[in-house]
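K.L.:
Would you be able to build a 3D model of this:
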Amino acid sequence: MTQKQVSQLDASGHFVGLTSADESPLEPGVWLLPAGTIEFIPPAIPPDSVARWDGSRFVIEAVEREADLPVVPPSPAELQAQYTALLDVHLDSTAQARGFDNRITCAMRAGYPGPFQADGAAFGQWMDACYLAGRQVMADVMAGARPMPTPEEFLAELPPMVWPEGPM
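P.N.:
So this is what the prediction gives:
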């Protein structure tokens with residue numbers, strides 16, 4: 001069964017975390033969203049901030065803290081999860097723009113001879129290059145070699161997708 005990541009919100013619309021939605025077995029392309037979820041992923045959330053869904057987009061809001069409380073930055077694992085989710089959304093939307101359901105269905109076409117095999121092979125190679133570039137960015141950030149990029153800067157550093165000429 002095909003799944004995709006979706007955002008879990010609390011009752012006030014604040015982002016709580018990521019969860020999965022299943023594709024409807026009866027209606028391809030229709031997602032069965034768990035209660036309190038939406039199909040959008042928030043941008044990276046800075047320390048001392050929260051993301052709130054306003055009905056059309058995520059709004060980053062500062063959280064006021066008492067001066068005596070220490071600021072705890074996101075852990076490396078939390079940062080890695082946020083940027084991996086951002087990358088996955090980018091890959092999915094690129095595949096969807098070419099007419100595929102998501103990154104997985106696009107890349108798997110590489111293994112099947114036919115009119116979409118070249119798209120699948122090119123996409124799979126590009127997807128690997130994106131994950132490699134994304135991991136290098138995160139490794140450099142964690143090593144202190146560079147500052148954390150904004151989500152827009154992160155996506156701009158990824159290689160561009162070049163589709164082969166063909167049936168799409």
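K.L.:
can we go C-alpha only for contacts and neighbour counts from here?
P.N.:
OK.
K.L.:
Pull out the buried positions in the lengthiest helix in the chain.
P.N.:
Secondary structure assigned by DSSP state H gives helix 117-142 as the longest helix of the chain. If you call a residue buried by 16 or more other CA atoms under 10 Å, then helix 117-142 has these buried ones: 117-124, 126-127, 129-131, 133-134, 137-138, 141-142.
K.L.:
Show me the domain layout of the chain.
P.N.:
Per automatic domain parsing, the domain ranges recorded for the chain read 3-62, 76-156.
K.L.:
In a markdown table: the ones you listed, plus distance to residue 162 and mean pLDDT.
P.N.:
Converted to a markdown table, the domains of the chain look like this (distance: least, CA to CA, whole Å; pLDDT from 0 to 100):
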| stretch | distance to residue 162 | mean pLDDT |
| --- | --- | --- |
| domain 3-62 | 24 | 90 |
| domain 76-156 | 8 | 92 |
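K.L.:
got a markdown table for those, with distance to residue 164 too?
P.N.:
Listed next are the domains of the chain as a markdown table, based on distance: least, CA to CA, whole Å:
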| stretch | distance to residue 164 |
| --- | --- |
| domain 3-62 | 25 |
| domain 76-156 | 6 |
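K.L.:
pull the longest strand from the protein.
P.N.:
Ranked by residue count, the top strand of the chain under DSSP state E comes out as strand 15-23.
K.L.:
Quick check: what element follows that one along the chain?
P.N.:
Tracing the chain C-terminally past strand 15-23 and defining elements by DSSP states H and E, one meets strand 31-32 next.
K.L.:
Name the strands paired with that following strand and say parallel or antiparallel.
P.N.:
Each strand that strand 31-32 pairs with, and the sense of that pairing, follows from DSSP bridges: strand 15-23 (antiparallel).
K.L.:
coming back round to it: chain center to the longest strand of the chain, what's the gap?
P.N.:
The chain centroid and the centroid of strand 15-23 are separated by 12 Å, computed with CA atoms, centre = their mean, to the nearest Å.
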